[in-house]
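Enquirer: Next comes the sequence, and after it the predicted model I'd like to discuss.
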Amino acid sequence: MSANTTQQVQKSLIHQAWPILIAQWAGMSFAVLDTMMLGNFNAQSLQAMSLAASIFITVNISLTGVIHALIPICSQLFGANKTEEIGVLWGQGIWIALFLSLSFGLLLLFPDIWLSFSGEVSPEVRAEVKNYLLISFFAVPASLMFRAVYSLCTSTSRPKHVMYINVASIFIKAFLNWVLIFGHFGLPALGSTGAAISTMLVSWFTFIFGLWIVFSDDYYQQFKLRLGLPNIKHFIEILKLGLPMGGSYLVEVSAFTFMALLAAREGMHVSGGHQIMANLAALLYMMPQAIGVATAALSAQAIGRRDFPLSYLISKQGLLIGFMGAFISSAVVFFGKPFILFLYTSDAAVAAMAASLLVLMPFFHILDYFQCIITYILRAHKIATIPFVTQTVLLSGLGLGGGYYFGYGPGQGQLAWLSTIVTPGAAIGVSSLWIMCCTALMLCGLILASWYKIVIHRLLNEK
């Protein structure tokens, strides 16, 4: 490939990635706004939101992974110029979103099962968690159906439309949070319950706004978007890729969920400090995820045209751009830690615990970026089972399982020597969780990169 081709690929990736990144940041801002506002409301509501949001995100993001199978599928169809098939599969994606939300969404209605992992949780916090999850149940259908809209826009190189929707939603979410959490305009201060209500309302706004865009913009007319009747054949096509993708999403997010549940064993301030660390990690993750989605979409379009050398070039440039972004993000966290803590909480004990954990953040983020983008590159080739199995074994087994063993189980305290180096002053349990998570991410990235090397070598030789 020539230097001009490489530069063009870089421009295309950045052009595709930056609207996705802003859209992801905008969507992630919901959790940031909730954490910041509740952190300045009271520690009880912050803990309740930390627990409840972790449960909601586990269910919602896992199901989102299933719908996101539309991205590589539709991208390859777009590259092959099979536009009408995209319209058919989009409608089937809407049906799947509805079925998933009304079945697996029921998991939100049983909070006691989830909270059994957290040890002693006060009745007041438990009640807030229950209310939060009940309200969140009604947000899931809108959230998942919007992901079908998101997949359509992203796979057909129109990510700015998603950006517009999500940016608009920030202002609505912030206003509703201000009104409902703190109690304005004569309304009572609802704390974490108010945060849940605002998330539910904004979820329906984003879906309705998304529908309006794809049905009013002439560009999308070429796909002949239609709901149609549920079709088993198309369901199987989407779910064949979507289920392992959803499984990967589940493994990734459940690791954070159970880390939050375990961290609650060490008290309210440790739980709050962990929530800040986890929330910031998720916020930083948006950059590699945006680059990964853009890389996967463009790579899949090249695969649809059977241009494997171009697909390989796109993947390499995606990894390079992703590394640059991860390095810059890590530097911002390292030098801006005092300001970050100021924004997140006014509780000195929570801030001190978060400060100790944030020492590890740059290392965690670099490792997270690499395994994230490699996973998306494999999905562009419709390879999702290998990442799912690898992430299950490493992130759940070694990361979460190892973190429990050294932090709360039979090996409790055995990583204390390392904790004092990488997270000085942090509680041993939560520190062990983050250390083992870093170890798992490193191994996961290496294994998936090796697998991709085998895949692309075979395709390039066939070409």
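Expert: On my side now, so go ahead.
Enquirer: Any figure for the gap between His15 and Ile170?
Expert: As judged by C-beta to C-beta, to the nearest Å, His15 and Ile170 stand 22 Å apart. Every residue, glycine included, has its C-beta placed from N, CA and C.
Enquirer: who has more neighbours, the two?
Expert: Ile170 (17 against 14; other C-beta atoms under 10 Å).
Enquirer: The stretch 351-463 of the chain: helices as residue ranges?
Expert: Using DSSP state H, counting those that start in this stretch, the helices of the stretch 351-463 of the chain run over 361-380, 385-391, 402-407, 416-422, 428-462.
Enquirer: again with the stretch 151-300 of the chain
Expert: Per DSSP H, counting those that start in this stretch, the stretch 151-300 of the chain carries helices over the ranges 159-182, 192-216, 232-263, 268-304.
Enquirer: I'd like the ones you listed as CSV, with distance to Gly397 and mean pLDDT appended.
Expert: CSV is the format used below for the helices of the stretch 151-300 of the chain (distance: least, C-beta to C-beta, whole Å; pLDDT from 0 to 100):
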stretch, distance to Gly397, mean pLDDT
helix 159-182, 34, 90
helix 192-216, 32, 91
helix 232-263, 10, 86
helix 268-304, 20, 88
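Enquirer: and of these, who's closest to Trp95?
Expert: Trp95 lies closest, by C-beta to C-beta, to one member of the helices of the stretch 151-300 of the chain: helix 232-263, at 7.7 Å.
Enquirer: Could you list the buried residues of the closest one?
Expert: Under the neighbour-count criterion of 16 or more other C-beta atoms under 10 Å, helix 232-263 has 234-235, 238-239, 241-263 buried.
Enquirer: Summarise which helices and strands the helix-or-strand element of the chain with minimal mean pLDDT is packed against.
Expert: Ranked by mean pLDDT, DSSP states H and E, the weakest helix or strand in the chain is helix 111-115, scoring a mean of 73. Helix 111-115 sits against helix 43-67, helix 123-137, helix 232-263, with contacts defined as 3 or more C-beta pairs under 8 Å, 6 or more residues apart in numbering; DSSP states H and E.
Enquirer: and the angle from the last one to helix 43-67?
Expert: Comparing the axes of helix 232-263 and helix 43-67 via axes from the mean of the first three to the mean of the last three C-alpha atoms, to 10 degrees yields an angle of 150 degrees.
Enquirer: Could you tell me the angle between helix 232-263 and helix 428-462?
Expert: Going by the same axes, to 10 degrees, helix 232-263 makes 150 degrees with helix 428-462.
Enquirer: what do you get for the first one?
Expert: Interaxial angle of helix 43-67 relative to helix 428-462 (the same axes, to 10 degrees): 20 degrees.
Enquirer: How far does helix 43-67 sit from its chain's centre?
Expert: 11 Å (C-alpha atoms, centre = their mean, to the nearest Å).
Enquirer: From the contact counts, what lies against it?
Expert: Judged by 3+ C-beta pairs under 8 Å, 6+ apart, helix 43-67 is in contact with helix 3-39, helix 83-103, helix 111-115, helix 123-137, helix 140-155, helix 192-216, helix 232-263, helix 268-304.
Enquirer: Export those to TSV and append columns for distance to Gln412.
Expert: Shown next, in TSV, are the helices and strands packed on helix 43-67 (distance: least, C-beta to C-beta, whole Å):
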stretch	distance to Gln412
helix 3-39	28
helix 83-103	38
helix 111-115	22
helix 123-137	25
helix 140-155	37
helix 192-216	31
helix 232-263	12
helix 268-304	15
